[in-house]
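**Student:** based on what follows, work out the 3D shape:
(chains A, B, C and D)
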Amino acid sequence: MDYNWIETGLQLSRPELLIIGGTVAVIMLSIFKQLSRTFLFLCSCAILIGAGYITLLDIQSYTGQTILFKGAIGYDKFSLFFKMLFIAIAFITMLFSYPVIKNWTSGFVEFLSLLLCCTLGMIYMASSRTFLMMFLNLEFVSITSYIMAGLLRHNKKSIEASLKYIIYGAGSSGIMLFGMSFLYAITGSIDVYTVGNTLRHLDLPNSFYLITSILILAGFAYKMAIVPFHMWCPDVYEGAPTPVTAFFSTGPKIAGFAMMIRFVDGVFGKGSSPFEWQLIFIIVSVLSMLIGNLTALQQNNLKRLMAYSGIAHAGYMALIFLTFTQDSIGSLLFYSVIYSIMNLGAFITIIILEKYYNIDNIQSSAGFAYTNPFLAICLSIFMFSLVGLPPFAGFFSKLLVFMSVIKPLNYLTLFAILVAVITTVISLFYYVKIIGAMFLKQGGNFTITERVSLILNAPMAILALATVAIFITDWDWLFEFCKSCSL
Amino acid sequence: MSLNEILLNIIFYALALTGLFSSFMVATSTNMVRTAFSLLGVLFSFAGLYGLLRADFLFAAQILVYVGGILVLIIFAIMLTHKIANVNLSNESTSSSTVIAVVCILFAVLVFIALTLPEYIKINQRNKPLTEMIGNNLLSDSLLPFEILSVLLLACLIGAVYLARKEVKE
Amino acid sequence: MLWFTKYPVENLLILSSAVFCFGIYTIVTRKNAVSILMGVELVLNSVNLNFITFSQFVDNAGISGNMVAIFVIVLAAAEASVALAIILGIYQNFGRVDVDKLTSLRN
Amino acid sequence: MKEFIEHLYNELEFLEGLPFIIPFIIGSFILAFIIINFIAVFAGVCTYIERKVAARIQARVGPYMVGPHGILQWLADALKLLFKEDTVPEKADKLLFKLAPFIVFAGSFACWVALPLAPAFSPARLNIGILYIIAFGSSVILGILMAGWASSSKWALFGAMRSAAQIVSYEVPTGLTILAMLLITGTLDMHNTIAQINLDGTISGGQSQGLPFPLNYFSTNADNFSAGMFSWYIFRYPPFTFIAFIIIYICALAETNRVPFDIPEAESELVSGYHTEYSGMRFSFFFLSEYANMFVFSAIITTLFLGGWLPPFNITGSLLAPACGIILYMLVKGKTTDPANRFIAFCTGAGIGIFLGVLSGDKNYWFADYLGIQSLRFIEGLFWFFTKSFGLVILMMWLRWTIPRYRVDQLMELCWKKLTPLAFINLFCIGILEWLYK
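**Tutor:** As a prediction, this is how the structure comes out:
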């Protein structure tokens, strides 16, 4: 028997091995009562830093494509890019969640270990090549997410969010598998690229594509929070512990997109997705943009608002599946980097507001800017960037996606872009509503019990700075890099 | 058609009808416990179908994991989340004609697929038990999923224990 | 002819579709969280039946369908254990497990 | 089973022209009928033996009136159960209440199908044999839960929940131990587990060779059937396989709800557990399934550890040993009333028989010509299989009257804190040994 493939696979998946080993080590170490929480936290951070460092080395040197573990995962720049991104997201989340979770009576170690596990699942989501791996890792991320949403198990909201999440999640992943079984029936393979190659030689009725696509999209759309499967989103975002919400709004969502890209690339190929598939995507993304933005207008709760904003952003991101060229994939990668920066930043501000000032909705934040101007300025930077206004990074990310979509100009893409621009204008209202409440209104006085922790302030400032800096300095290299990483 | 095939057909239809009826009961029964034990019928009949399809390992796994594991868990959950003095636990549902219509349309669409699909696939029944091949596959093609699954189960274990346990008094 | 065919692929597919629809119906209409979980199990079972059918009947399909089915079974068990833990948590907090009675998250 | 019927089908002339499926179905029904009746008789005899064993241990006489030495007592009990009124509690869920005993019985009855009762004969030779048995064994819980719930009685409900929790928990160490043994046997097929043992104690089929353990002092025959007891799997990796045997035996006690793990039906707390509300025929089904389960577990242990149908000594020894034992027992019987002395006498006789068997070292079955080798082996295999399994069952009865009952928390602690880690370590060690000596 030839076992070289295992050796090669293990050599190229050192970050994953580090994360697995680290998770087990953190769980083991937590048995010893005399070890402080800070120590465990530092261990987890060290694991992520180590994994990130190895990935960084790999990503610089590696070009080309390898298939590891008998076709289970693809090892290429695309998967390395997402590996890096997810490790970064997990690291930032872990960093700013520490001030919140260190005071929990229970669930500290669970949070750390589940976050690490979830990161592992996301990494594998972005590199899976078979239906089996896709479903497995989707479930991996989902199951860890369910638990993380319910970590505050004596809090009614938290546990309720967890239940709603698992009901939607379990149902939609089952539906997805049902669709995949039809593709398997036609092609006799579970490898997406083999499936695609076989499908191209067959002359199947369009109705088959339509039905199968709708079924499969259920699972992906639920993870990406696009419209027909977005119902869990506001409730889970509101109920889950805020650091966890921050993580949900970036990590698993982007992982869903990464998996979707590989799936579409495998089954339909670049630039040639069938008309039905385009039609489905134009419907769901337009609906996402409309529903996300319009519902967000009526929201008062900050986390709910961010949930709807996230749905709208998923709609913008899903636009790229209309054309699905190398450019549009690159622009999606760029979008996901910028989106993570802005969203994580915005959630840090929400955490500070919640933890130190006890503010969780727009009304009660009236006049807050005079108490903590630094935070208010950071928040407005993130908000403006989320709208996509010029001096901030969000502008470019949106612009690039729109540009890459509009290239083969036809009435479909034109319609989609039109809706996207209009809803972007609409979104200005609710983002500005927050900023307006903080700066323009008079409000009560906000008392603070302790100084805002540096571990919250510093990442917030850095992310805000990054949002501005990417616009001002030469951002081309980042986009070029993203493009080189696209499939 | 030989006697052997007739026998297989009879078994198949008996199992299929049992599964159909039981799943109908799961969807509509108004008694919580009856619902759970209807699920038992579905699981057993499906296990039988797997056996008929020569997926013998799946047959055992279905009974072992689903019947011996999941269903017992479900029944425990029912018992732990109700006042169990009453045998006739009601199991309400909010059915509306819209839902029924949508599900019927879904069913029609799926039946359409089921009837057209076999035209596009080459049908050729394999009559070999697969247990050994499954074992080999778990160490070659499915090695990575298998290992990931173990990490997933670890995460599940941590999470489920954390969520379900009683608070430890210190 | 559907009755007494030599290869009842269609029949198996129709059966799995029916069970799938019952599962979806259960998930959508049931109030009790445990019942909803049973609906999920129905859906996963129908998926399994599909995969195994194709794995056995479709030429050159290999045994990957069986592998998927095995993983689905294990994942269903994992998911069920987490779901039931969450349901217990719901019971401790709300005193009941009806989904329509959970109203702490409403705008 | 299938081979057996195929053989008959080829031999018997009047079956010619009939499709094979018909004798196959008829044969299956006959076999099922035989096994069901066997379980019934077995359970009946077991109750008698259990009462006698209990009486002996407590220095009583036990059932004495019906038949010589009360030997027909079990028949009277069975008749009584048959004619008793079949009551259903008013508040019970009628359908489930009536269904439950049958599910429990079907679960334990289904396990018998895969047992390798004799060489070249098990009712159905399944390639997933042991997995099948574990699977159906675990489905008994559903019937128990059903019974407990449908009875609408708190005793029954608590008993059922305790029972289910206990069985589910003890499945973990059982499964791990069976897994460890599967590492050695390398097959799920129960029949093949035994059939693949070679004369020199190795396992054929490219499987592991085992430790260079001094094997087979007792056998010189070039036949699997006289491989001798040191070829059994329990002697494969001495300390670890012994530990595995002990773990799985404890688990078998717990999974069949026997004392010391009979908390589901602890009389002083729960009246009689999940079958409190049952009477008459339905009660007897629970009863039957309990004894059937005991036997199934003993049979699994016999197959995995004690060499199934293989005799412990070579052919002469295996026949001489019990013969000499019985002769010496008869001789001593008149002289002493102490059962311990009689037992010692029997053992001594058996030892002499073994010695003679070893001395003779025969290469021939000296009366094989009369009976035909196949049928002789069949009968002998059947005899040894049932002797071993029955011995384990009697050991269970013995334990019942010597060990006090565990508490619920002690029971769970034993399972999760002691047996499970031990089974894990055991699995690990056996795995390493298997890897080293492959």
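**Student:** so how far is residue D:399 from the residue sitting nearest the centre point of chain B?
**Tutor:** With distances taken as Cα atoms, centre = their mean, residue B:43 lies nearest the centre of chain B, 5.1 Å away. Going from residue B:43 to residue D:399 by Cβ to Cβ, to the nearest Å gives 35 Å. Where C-beta positions appear, they are placed from N, C-alpha and C, glycine not excepted.
**Student:** what of residue A:467?
**Tutor:** Going from residue A:467 to residue D:399 by Cβ to Cβ gives 73 Å.
**Student:** neighbour count winner among those two?
**Tutor:** Between residue A:467 and residue D:399, counted using other Cβ atoms under 10 Å in any protein chain shown, residue A:467 has the larger neighbour count: 23 against 15.
**Student:** CA-only coordinates of the strand or helix carrying that one in PDB, if you can.
**Tutor:** According to DSSP states H and E, residue A:467 maps onto helix A:454-472. Extracted in PDB, the C-alpha atoms of helix A:454-472 (Å, rounded to 0.1, in the frame of the first residue of the first chain):
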ATOM      1  CA  LEU A 454      -7.200  48.300  26.000                       C
ATOM      2  CA  ILE A 455      -7.800  44.900  24.500                       C
ATOM      3  CA  LEU A 456     -11.100  46.300  23.100                       C
ATOM      4  CA  ASN A 457      -9.900  49.800  22.200                       C
ATOM      5  CA  ALA A 458      -6.700  48.900  20.400                       C
ATOM      6  CA  PRO A 459      -8.300  46.500  17.900                       C
ATOM      7  CA  MET A 460     -11.100  48.900  17.300                       C
ATOM      8  CA  ALA A 461      -8.600  51.700  16.500                       C
ATOM      9  CA  ILE A 462      -6.500  49.500  14.300                       C
ATOM     10  CA  LEU A 463      -9.500  48.300  12.300                       C
ATOM     11  CA  ALA A 464     -10.800  51.800  11.900                       C
ATOM     12  CA  LEU A 465      -7.400  53.000  10.800                       C
ATOM     13  CA  ALA A 466      -7.200  50.100   8.400                       C
ATOM     14  CA  THR A 467     -10.600  51.000   6.900                       C
ATOM     15  CA  VAL A 468      -9.300  54.500   6.200                       C
ATOM     16  CA  ALA A 469      -5.800  53.500   5.200                       C
ATOM     17  CA  ILE A 470      -6.900  51.000   2.600                       C
ATOM     18  CA  PHE A 471      -8.700  53.800   0.800                       C
ATOM     19  CA  ILE A 472      -6.000  56.400   1.200                       C
END
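**Student:** show me the contacts for whatever residue of chain D ends up closest to chain B.
**Tutor:** Chain B sits closest to residue D:138 of chain D, with a gap of 3.0 Å, by Cβ to the nearest Cβ. By Cβ atoms under 8 Å, 6 or more residues apart in numbering or on different chains, the contact list for residue D:138 reads B:63, B:64, B:67, B:68, B:69, D:167, D:168, D:171.
**Student:** contact partners for residue 44?
**Tutor:** No chain was given, so I picked chain A. Going by Cβ under 8 Å, 6+ apart, residue A:44 touches A:22, A:26, A:94, A:112, A:115, A:116.
**Student:** sorry, should have said chain C
**Tutor:** Residue C:44 neighbours (Cβ under 8 Å, 6+ apart): A:174, A:177, C:72, C:76.
**Student:** and the helix or strand hosting residue B:57, how far from the chain's centre?
**Tutor:** Using DSSP H and E, residue B:57 sits within helix B:56-61. Distance of helix B:56-61 from the chain centroid (Cα atoms, centre = their mean, to the nearest Å) equals 12 Å.
**Student:** low pLDDT regions in the chain?
**Tutor:** Since no chain was named, I'll use chain A. Low-confidence segments of chain A (pLDDT under 70): A:1, A:271-274, A:444.
**Student:** can you look at chain B instead?
**Tutor:** Those would be B:1, B:84-89, B:126-129, B:167-170, if you go by pLDDT under 70 across chain B.
**Student:** what ranges does the stretch 251-400 of chain D have for its strands?
**Tutor:** In the stretch 251-400 of chain D, no strands are found when defined by DSSP state E, counting those that start in this stretch.
**Student:** the stretch 51-200 of chain A too?
**Tutor:** Taking DSSP E, counting those that start in this stretch as the criterion, the stretch 51-200 of chain A contains strands spanning A:65-68, A:73-76.
**Student:** which one, of those strands, ends up nearest to residue B:102?
**Tutor:** Closest to residue B:102 of the strands of the stretch 51-200 of chain A is strand A:73-76 (Cβ to Cβ; 37.3 Å).
**Student:** what residues does that closest one touch?
**Tutor:** By Cβ under 8 Å, 6+ apart, strand A:73-76 touches A:12-13, A:64-68, A:79, A:124, A:127-129, A:133, A:262, A:487, B:144.
**Student:** how far away from the center of its chain is it?
**Tutor:** In terms of Cα atoms, centre = their mean, the centre of strand A:73-76 is set 20 Å apart from its chain centre.
**Student:** the longest helix seen in chain C packs against which elements?
**Tutor:** Criterion DSSP state H: the longest helix present in chain C is helix C:64-94. On a contact count with 3 or more Cβ pairs under 8 Å, 6 or more residues apart in numbering or on different chains; DSSP states H and E, helix C:64-94 meets helix A:131-149, helix A:156-187, helix B:56-61, helix B:72-80, helix B:131-138, helix B:143-164, helix C:33-57.
**Student:** so is the second one next to chain B?
**Tutor:** Yes - contact of helix A:156-187 with chain B (Cβ under 8 Å from any Cβ of the partner chain) involves A:159, A:162, A:182, A:185, A:186.
**Student:** now residue A:180: how far from residue A:263?
**Tutor:** Look at residue A:180 and residue A:263: by Cβ to Cβ, they are 10 Å apart.
**Student:** more crowded one of the two?
**Tutor:** Neighbour tally, residue A:180 and residue A:263, criterion other Cβ under 10 Å: the higher count belongs to residue A:180, 26 against 22.
**Student:** so, low pLDDT: which residues of chain C?
**Tutor:** Low-confidence regions of chain C, defined here as pLDDT under 70, cover residues C:1-7, C:106-107.
**Student:** now stretch A:406-418 - C-alpha only, PDB.
**Tutor:** Output of stretch A:406-418 as PDB, limited to C-alpha atoms (Å, rounded to 0.1, in the frame of the first residue of the first chain):
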ATOM      1  CA  ILE A 406     -21.600  44.700 -15.000                       C
ATOM      2  CA  LYS A 407     -19.000  43.700 -17.500                       C
ATOM      3  CA  PRO A 408     -21.100  41.500 -19.700                       C
ATOM      4  CA  LEU A 409     -23.800  44.100 -19.800                       C
ATOM      5  CA  ASN A 410     -27.300  42.800 -20.300                       C
ATOM      6  CA  TYR A 411     -30.700  43.600 -18.900                       C
ATOM      7  CA  LEU A 412     -30.300  41.100 -16.100                       C
ATOM      8  CA  THR A 413     -27.100  42.500 -14.700                       C
ATOM      9  CA  LEU A 414     -28.200  46.000 -15.300                       C
ATOM     10  CA  PHE A 415     -31.300  45.400 -13.300                       C
ATOM     11  CA  ALA A 416     -29.300  43.800 -10.500                       C
ATOM     12  CA  ILE A 417     -26.800  46.700 -10.300                       C
ATOM     13  CA  LEU A 418     -29.600  49.200 -10.400                       C
END
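**Student:** enumerate every residue touching the nearest residue to residue D:307 once chain neighbours are set aside.
**Tutor:** What sits nearest to residue D:307 in space, not counting adjacent residues and going by Cβ to Cβ, 6 or more residues apart in numbering or on different chains, is residue D:232, at 3.7 Å. Neighbouring residues of residue D:232 by Cβ under 8 Å, 6+ apart: D:197, D:305, D:306, D:307, D:310.
**Student:** what do you get for residue D:258?
**Tutor:** Residue D:258 neighbours (Cβ under 8 Å, 6+ apart): D:294, D:396, D:399, D:400.
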